[in-house]
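Participant: Following is a predicted model, sequence given first.
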Amino acid sequence: GKGNHRHFMAKEIAEQPEILSHAIATYVRPADEIVELPASTIDFASIDRLTISGCGTAYLAGLVARYWFESWAKLPVEIDIASELRYRDVPYGDNAAALFISQSGETADTLAALRDAKAAGAVVGAVVNVTESSMAREADGIFPIKAGPEIGVASTKAFTCQLATLASIAIAAGKARGTLTPTEEKRLVRGLLSIPRLMADVLVHDERIEELSHHLQPARDVLYLGRGVSFPLALEGALKLKEISYIHAEGYAAGELKHGPIALIDEHVPVVVIAPLDKHFDKTVSNMHEVIARGAKCLLLTSEEGAARAGYEEDLLGSFILPEVEPDLAPLLYAVPIQLLAYHTAVLKGTDVDQPRNLAKSVTVE
Ligand code: F6R
């Protein structure tokens with residue numbers, strides 16, 4: 001059931017700290033601060049490229065993971081949405097592996113892309129929630145995300161569990177390839193282990209997000225900006241808002257804005273800026289100042305130190321403060337306010353949050 005929550009989506013957002021700690025426990029040995037994959041069939045030391053695919057939110061989890069595999073495992077990554085990948089003539093080559101991400105394990109396009117990769121000789125892994133699914137059956141190896149049943153049509157806890165699973169796989173890949181030192185592994189594992197507690201800290205401030213969602217409710221269009229690992233999260237924020245509140249939203253890489261979309265900016269288009277205090281922070285904030293100078297009303301998601309460094313408080317619609325987090329892993333934490341912002345905006349608009357129009361939980365048609 002929904003417990004004391006009004007919607008399954010609210011329940012599934014709120015239970016993330018607990019669910020995520022179970023998911024992490026599947027892949028991490030806390031006492032030693034190391035990652036251990038359950039009998040992986042992918043030999044990361046011997047592959048020379050990795051393909052990642054999925055649809056919707058699952059694809060966006062893959063987009064975050066690309067940064068991780070490249071940076072920690074120095075592995076060339078190819079990523080595309082499954083409905084395109086399956087129609088491309090991908091030259092997988094001899095030493096290829098591919099990861100297919102799907103909550104249901106039944107999405108038709110992702111399943112078809114998985115079959116193609118397997119037929120082309122790639123070693124195929126399924127990052128799935130439903131371990132009795134078609135993808136789990138057909139893959140060479142399964143990486144369960146352990147999110148438990150997800151009822152709300154909009155994916156929330158599956159996304160953060162996909163991220164935790166993919167982070168673990170990427171750390172293991174870096175270890176196998178000798179590109180990640182034991183010290184770096186420990187730092188990342190400690191970072192992962194700290195996420196559930198930090199998430200709980202964020203969830204306490206749910207009311208503040210509700211307050212901020214009043215700025216999105218009247219909007220016709222909303223932009224989300226992020227850089228690096230926060231860029232896919234900008235896409236996820238826009239996707240979540242579109243699907244449950246029916247407000248048109250777009251996610252952009254912060255640096256891409258000036259190449260066109262900045263023409264959309266005026267005081268009626270709220271801009272959600274995702275800016276954890278990482279190596280991109282100053283650049284992202286300078287992009288925020290560019291849009292503020294053009295009359296944009298911004299909503300800043302950052303840490304306390306980030307907010308102090310960003311300045312311009314009086315020019316913001318508002319900011320939401322998150323605890324400091326291991327920068328590479330920030331998407332796991334920043335996903336929470338992104339989900340809550342969409343949720344509260346949808347509730348204010350009175351839409352059917354758990355069953356948005358035209359959408360199905362599992363898309364088994366192409
Ligand atoms: C968005 C959402 C969808 C799914 C997509 C893939 O909130 O839920 O975008 O992520 O339909 O579904 P799975 O993961 O079952 O393959």
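Facilitator: That came in fine, so what should we check first? Model, not experiment: these values are computed from the prediction.

Participant: What sits closest to E150 if chain neighbours are left out?
Facilitator: Excluding its sequence neighbours, the residue lying closest to E150 (C-beta to C-beta, 6 or more residues apart in numbering) is A158, at 5.0 Å. No exception for glycine: its C-beta is placed from N, CA and C like everyone else's.

Participant: What of S213?
Facilitator: Nearest one to S213, counting by C-beta to C-beta, 6+ apart, is H344 at 3.7 Å.

Participant: returning to that earlier point: tell me the pLDDT of the residue nearest to E150.
Facilitator: pLDDT recorded at A158 is 98.

Participant: Next one: it from S245, what distance?
Facilitator: 20 Å (C-beta to C-beta, to the nearest Å).

Participant: List the neighbours of stretch 289-307 that are in contact with it.
Facilitator: With C-beta atoms under 8 Å, 6 or more residues apart in numbering as the test, stretch 289-307 has contacts from 212, 215-216, 257-258, 262, 265-267, 269-277, 281, 288, 310, 312-313, 315-325, 334, 337-338.

Participant: can you pull out the strands in the stretch 101-250 of the chain?
Facilitator: 123-128, 141-144, 221-226, 248-253 (DSSP state E, counting those that start in this stretch).

Participant: Mind listing what's buried along stretch 180-190?
Facilitator: Within stretch 180-190, the residues scored as buried using 16 or more other C-beta atoms under 10 Å are 180, 185, 188-189.

Participant: Residues of the stretch 201-350 of the chain that sit close to the ligand?
Facilitator: Taking C-beta under 6 Å from any ligand atom as the criterion, the neighbours of the ligand within the stretch 201-350 of the chain are 239, 243.

Participant: cutoff 8 Å now
Facilitator: 239-240, 243 (C-beta under 8 Å from any ligand atom).

Participant: Quick check: of those residues, which lies closest to A122?
Facilitator: L239 (27.5 Å; C-beta to C-beta).

Participant: Can you report how many residues lie near the closest one?
Facilitator: 22 (other C-beta atoms under 10 Å).

Participant: show me what contacts the residue of the stretch 251-366 of the chain found nearest the ligand?
Facilitator: Distance from the ligand to each residue of the stretch 251-366 of the chain (C-beta to the nearest ligand atom) is smallest for V363, at 5.0 Å. V363 makes contact with 55, 107-109, according to C-beta under 8 Å, 6+ apart.

Participant: Excluding residues flanking it in the chain, which one is nearest the residue in the chain positioned nearest to the ligand?
Facilitator: Going by C-beta to the nearest ligand atom, the ligand is nearest to G56 of the chain, at 1.8 Å. Distance criterion C-beta to C-beta, 6+ apart; nearest residue to G56, sequence neighbours excluded, is L239 at 6.7 Å.

Participant: next one: A45
Facilitator: Closest to A45 by C-beta to C-beta, 6+ apart is A176, at 4.5 Å.

Participant: How many neighbouring residues does that neighbour have?
Facilitator: Neighbour number of A176 under other C-beta under 10 Å is 19.

Participant: Let me know the pLDDT of it.
Facilitator: So A176 comes in at 96 (pLDDT).

Participant: And S40, by the same measure?
Facilitator: pLDDT at S40 comes out at 68.
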